[in-house]
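**Student:** predicted model and sequence below, questions to follow.
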There are 2 protein chains.
Amino acid sequence: MTVKRGAGGLVTALMGLAEHLDEAVWVCAAATEADAAVAAEHEGHPVEIAFSPEPQLVDADTSVDLPTLNVRYVEVDHERHDMFYGQIANPLLWFVQHELYGLATQPDITAATHHAFAEGYVAVNEQFADAVAEEVEHRAGGRAIVLLQDYHFYLVGDLVRGRCPDAVFSHFVHIPWPGPDAWRVLPTQMRERLLRGLLGCDVVAFHTSRFARNFLSCAQELLGLDVDVSAGTVQVGDRTVTARAYPISVDVEAVEKTAASEEVAARRSALADQHLSGDDQRLIVRVDRTDPSKNIVRGFRAFGLMLDEHPELVDRVTFLASLMPSRTDVPEYADYLAQVGAVVAEINARHHAESQPIDLRLQEDLAFAMAAYQLADVLVVNAVNDGMNLVAKEAVLVNQRDGVLLLSENTGAHEELGPYALTVQPFDLQQQADAMYAALTMPVDGRRTLLADAAETVRRNDVQRWLSSQLDDLSSLADDG
Amino acid sequence: MTVKRGAGGLVTALMGLAEHLDEAVWVCAAATEADAAVAAEHEGHPVEIAFSPEPQLVDADTSVDLPTLNVRYVEVDHERHDMFYGQIANPLLWFVQHELYGLATQPDITAATHHAFAEGYVAVNEQFADAVAEEVEHRAGGRAIVLLQDYHFYLVGDLVRGRCPDAVFSHFVHIPWPGPDAWRVLPTQMRERLLRGLLGCDVVAFHTSRFARNFLSCAQELLGLDVDVSAGTVQVGDRTVTARAYPISVDVEAVEKTAASEEVAARRSALADQHLSGDDQRLIVRVDRTDPSKNIVRGFRAFGLMLDEHPELVDRVTFLASLMPSRTDVPEYADYLAQVGAVVAEINARHHAESQPIDLRLQEDLAFAMAAYQLADVLVVNAVNDGMNLVAKEAVLVNQRDGVLLLSENTGAHEELGPYALTVQPFDLQQQADAMYAALTMPVDGRRTLLADAAETVRRNDVQRWLSSQLDDLSSLADDG
C-alpha cells in the first residue's frame, strides 16, 4: 500500500472523497510491487481499502467501521511509466506549465520526446481510459461522474467520453495553466492533442480564475475555437465546455489535529529552545520541495540582502528552511539543490555571528513542518509559479505567533489570501527583502488581524467545500444530461 | 552622422517617411559625438539631413534635390543612457518580450534595476517627451500625428498627450508582445507604468494580430481594464485605445536594387564557386545577429541531426551562416556566441569529409547576405520568438534558386508567409531536421510555386503600405478629433 500524504497535499484532499461518496472508485497507478500484486490478485477489479489510521486492505467478508475507499489499480509497465512520467509529465509538462525553461537553450524536443509521448504518455492515458471506461460501463451502467486529476491524464476525458457518452466528466488541473505562448513550446500536434483531451470533458477546473482564463485563451489561440470569456465557456462542436476555478484547500480538522499532537509539541519545544530562547528572537520559515519553481535561492538571497541592510538583525532572526529533496534524478533539480546549498553556505559564512542565520534541513518531516508553521514570525512562499500552495493555507491555520505570510503573486493561493498577506514579487530580490523586513517590524495588531482573516478564509473554504462545490456543479450537469 | 541601415531593417523602413511627409520631424537620440555636436550647435532644434547616397547635413540656404528629413537630436547623458539602454531596454525588456529568461534563476530584479528604471528609462522617456512635445507645440500648433517607435519609449505617448491633448498618438512595438504571464516577471509598478504609457496613445501597433491580442489581454489581466477583443479595443477612462496589426515589410525597390549591384554579383560568384561548383550541390543559408532569440544553436543541431540520418548529404550540402556578433558585452550574448562556435566545431568535426558542412562567417556584410539569399536552396529562420523577421521577406524577394523558406511559427512574418513556407517549431530539433530534409528533397515545381507566392505576398504589402495604412488610420482619427 502506497497511499500516503503527498507532499503537495493532493492525496489528502482526495481522501475526502471516501467519506462523501460510497460508490466511488479510485482508479490509480500501482506504484509499488505490493500494489501490483494486489492488482494482479484481483485481476484489475477494485479492492476496498481503509486508510486510517494506517492504509490497509479490507476483506470483502469483514465489516469495518472505518471509512474505506474502492481502489482500482492500473499496472503500468516500467519502461512505459518511465516515458510517461519521467520524460513527459514530470519534466516537460511540469516545466512548460510552471514556465521554467530558458527557451534559448531549453527544451530540446527530439525523436525520443515524440516516442515518449506516443508510447508513454498516450499509451498510459489509454490504459487508464480503459480502466475508467470499464468502471463507468460495468458499475454505473454508463452513467457516472468522472473526476480526473492533474497533468498526467489530460487525454483520459476525451478517450472515455467516446465510449461512455452519458457520463459527466471533470478534469482538475492542479498546477498552473499558462497562456498560449507557453504552450507553443510543445510541438503543434502534442499541444493540440492535450487541449483536445481536456476539451473532451464537461468541466475543466483550476485553482484560480486566472488559470481558467488562460485555458480559454489557449482554446481560442491554439485551436481557433469560439470562447466566451465572461461565461467561462468554449464551444467544441455542439458541446459547451466550462472552465472554472475551484480553489483547493486543506482538511482543516485534520490539520488542526496534527498540529495538536504530542509529536508536533516535541518538535516545537526543541525548535523554540534552539531559535527562540532569547528575548526578541524571530523566526522566518519556509517549507518546500527543492523544486526550481519554489524560488528557494532567491528567497535566501533576499534574506541575505535584508541582513546586509539591517545588520542589527543578525543573531536575532533565523531563517529556518525545511526542504524535501525532490526529483534529484532530473539534472535541473540536482543543479537547483546544489545552488540552494551554495547560497546558504555563502550567507551563513557572510553573516555568521553567535548563530548561523540560516538553519537548513533537508528532510521530509510533517511534524517538524507543523511545528515550524506554529512558531513562524514570517512564513515565506515566494514561488516563481505555483498551482495553489497548500503550505500557505496550513501555516495560517496553525500559527501561534501572529506570523505574517509573505505570498508570491504567482501562487494560486494569492487569489484568496493576497489581501491578508504581504505580496511578494518572485523575481524582485529587493522587494522580497523589503517585505521580510516589513513583516518583522509590523506592529502586532496588524499582524494579528491579517493572520485571523487569512485563517478564517481558509476555514470558510476548506477541502470539503472544494469537493462539494465541484460535485454540486457536476450533479446538475448530470441531471441536465 | 549615424543614420545607417540598422540590422533589423527598422531604420530603412522609417526612411520611407522622408519621401512621404514633408513636414515630418524625426526625434532621435544623438548616438555619436558628431550627432551631439550637431545637436548642440543647433540648440536642440531640428536639422535637415539628406540621407542618400550618404547621410549629409543640408545647409538651410542650400537647396538640394535629394529627399531630406528634419532630424531633432536628443542628447542623452552617458550614464543615463547606460541605465536606459544597457540595463532596462536592452536586456530586461528584450528578454521579457522574447521570453528568454529561465525564470528559476533569471532575472534578478535588484535595487539597481529599480534605480535604472527610474533614473534611466523614465528619465530618458521624459527627455524625449519634452522634445516631442516642443515639436508638436511649436511647429504644429499642438495638432500633429506622433508616431512612436519600439520598446525604448513606452512612456512617451502618455507623457506627451498630457501636454498636447489635440495630437494623435501611435506607438509601434517592433518586437514580440507576449501575454500577461511574461509581463509578471517585472515588478507591478514597472509593468503597470509601461502599459499605462502605451495606453496614453490612440493606437498601439504590432506586427501581428497575435501580439495585438496579447496586448489587450495584458490590459485586461494586469490593469483590470475593459477590453473588446473582436473590436481590438480597450477602454481607458473615457478614451478608446485601439490595438492593431500592421506587418512591417521591406522597401522592395531598394532590396531589388541592392541585389542587382555589382558588389552582390561578386559575392555571389565567389560563393557559387566555393559551395555550388559540383553537380547537385545545395546550400542552406541563415543570416542573423547572434541573439539567443534567433535559435542559431538549435538550427545547427538540427542540421547535424539531418546529416546523421542522411549521411549521403555530407559533401553535397553546406550550411552557410552569416552571423553578426551582437551585444557581446551582455553575458548571455557572449555565452550564446560561444555555444554557437562550439556546436559548429562539433558538427564540422563529426561530419568532415571533403568539405566542412558548416561555413560560419562572423561578419556584418549586407552584400554577402544578399548574395547568400540569392543562392539559398533553403533559408532557415527558426527564431524562438521574433517580432517580424525581415530576413525572410528580403530573401524570398531576391532568391534565384527556387529556395524554400523554413519559417518559425513564432516569427511575426509567419502570419503572412506561413502558407508559403515550411513551418518549423523552434524547440523541436527533429521536426527542424525533417523540415530541412523535406526542403532539400522537394520537387522543383512545388518550390517554385511557394517562392513565387511568398515574393508576391511581400511585394503586395511593402514598407510603403505599412506606413501609409498607419497614416490613413491616424489621419481619420485626427479628423475625428
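**Tutor:** Nice, I can see it. Remember, it's a predicted structure, so these values are computed and weren't measured experimentally. Residues are numbered from 1 along each chain as shown, chains lettered A, B, ... in the order given.
**Student:** and the closest residue to chain B within chain A, what pLDDT?
**Tutor:** The nearest approach of chain A to chain B comes at A:Gly102, 2.6 Å away (C-beta to the nearest C-beta). (Each C-beta comes from the backbone N, C-alpha and C, glycine too.) pLDDT, A:Gly102: 96.
**Student:** helix, strand or coil for it?
**Tutor:** The three-state assignment at A:Gly102 reads coil, by DSSP: H, G, I helix; E, B strand; the rest coil.
**Student:** same thing with the one 3 residues further on?
**Tutor:** When the structure is split into helix, strand and coil by three-state DSSP, A:Thr105 lands in coil.
**Student:** show me the contacts for the residue nearest to it when sequence neighbours are not counted.
**Tutor:** Using C-beta to C-beta, 6 or more residues apart in numbering or on different chains and skipping the chain neighbours, the partner closest in space to A:Thr105 is B:Val297 (6.8 Å). B:Val297 makes contact with A:105, B:336, B:339-340, B:343, according to C-beta atoms under 8 Å, 6 or more residues apart in numbering or on different chains.
**Student:** for A:His152, same thing?
**Tutor:** Applying C-beta under 8 Å, 6+ apart to A:His152 gives the contacts A:84-85, A:89, A:124.
**Student:** how about 7 Å then?
**Tutor:** With contacts defined as C-beta atoms under 7 Å, 6 or more residues apart in numbering or on different chains, A:His152 is in contact with A:Ala89.
**Student:** how near is it to B:Cys201?
**Tutor:** From A:His152 across to B:Cys201, the span is 45 Å (C-beta to C-beta, to the nearest Å).
**Student:** and chain A, which residues reach chain B?
**Tutor:** Residues of chain A found near chain B, taking C-beta under 7 Å from any C-beta of the partner chain as the criterion, are A:99-111, A:114, A:178-182, A:184-185, A:187-188, A:217, A:292, A:297, A:336, A:384, A:409-410, A:425, A:427-431.
**Student:** just the buried ones among those residues, please.
**Tutor:** Buried subset of the residues of chain A next to chain B (neighbour count, 16 or more other C-beta atoms under 10 Å in any protein chain shown): A:99-105, A:107, A:109-110, A:114, A:178-182, A:184-185, A:187, A:217, A:292, A:297, A:336, A:384, A:409-410, A:425, A:427-431.
**Student:** may I see the buried residues of stretch A:353-365?
**Tutor:** A:355-360, A:364.
**Student:** in strands, which of those appear?
**Tutor:** Those of the buried residues of stretch A:353-365 mapping onto strands are A:358-360, per DSSP state E.
**Student:** can I get those in TSV including pLDDT?
**Tutor:** Listed next are these as TSV, based on pLDDT from 0 to 100:
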residue	pLDDT
A:Ile358	98
A:Asp359	98
A:Leu360	98
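**Student:** of all the residues you listed, which comes closest to A:Gly418?
**Tutor:** A:Ile358 (26.9 Å; C-beta to C-beta).
**Student:** so what's that closest one up against?
**Tutor:** With C-beta under 7 Å, 6+ apart, A:Ile358 has these contacts: A:300, A:319, A:321, A:344, A:347-348.
**Student:** again with A:Cys28
**Tutor:** A:71, A:73.
**Student:** distance of it relative to A:Val47?
**Tutor:** 11 Å.
**Student:** what's the overlap in contacts for the two?
**Tutor:** A:Val71.
**Student:** export the ones in strands among the buried residues of stretch A:353-365 to a markdown table and tack on distance to B:Arg139?
**Tutor:** As requested, these are exported to a markdown table (distance: C-beta to C-beta, whole Å):
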| residue | distance to B:Arg139 |
| --- | --- |
| A:Ile358 | 61 |
| A:Asp359 | 66 |
| A:Leu360 | 64 |
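**Student:** so which of the contacts of A:Ile358 is surrounded by the most neighbours?
**Tutor:** A:Phe319 (28 neighbours; other C-beta atoms under 10 Å in any protein chain shown).
**Student:** and A:Leu405, how many neighbours does it have?
**Tutor:** Quick note: A:Leu405 (other C-beta under 10 Å) scores 28 neighbours.
**Student:** which SS class is it?
**Tutor:** Classified using three-state DSSP, A:Leu405 is strand.
**Student:** per-residue pLDDT, it?
**Tutor:** 98.
**Student:** thought it was touching A:Val380?
**Tutor:** No. With contact defined as C-beta atoms under 7 Å, A:Leu405 does not reach A:Val380; the gap is 8.7 Å.
**Student:** count of neighbours near A:Thr32?
**Tutor:** So A:Thr32, with other C-beta under 10 Å, has 11 neighbours.
**Student:** ignore the last one, A:Asn125
**Tutor:** With other C-beta under 10 Å as criterion, A:Asn125 counts 22.
**Student:** that one and A:Gly157 touch, don't they?
**Tutor:** No. Here A:Asn125 lies out of contact with A:Gly157, judged by C-beta under 7 Å, at a distance of 9.6 Å.
**Student:** can you pull the domain assignment for chain A?
**Tutor:** By the assignment in automatic domain parsing, chain A contains the domains A:76-248+A:464-480, A:252-460.
**Student:** following element in sequence after the helix or strand of chain A with the lowest mean pLDDT, please.
**Tutor:** Lowest on mean pLDDT, DSSP states H and E among the helices and strands of chain A sits helix A:10-20, with a mean of 61. Following helix A:10-20 in sequence order, the next helix or strand is strand A:25-29 (DSSP states H and E).
**Student:** in its sheet, which strands sit next to that following strand, and in what direction?
**Tutor:** strand A:68-74 (parallel) (DSSP bridges).
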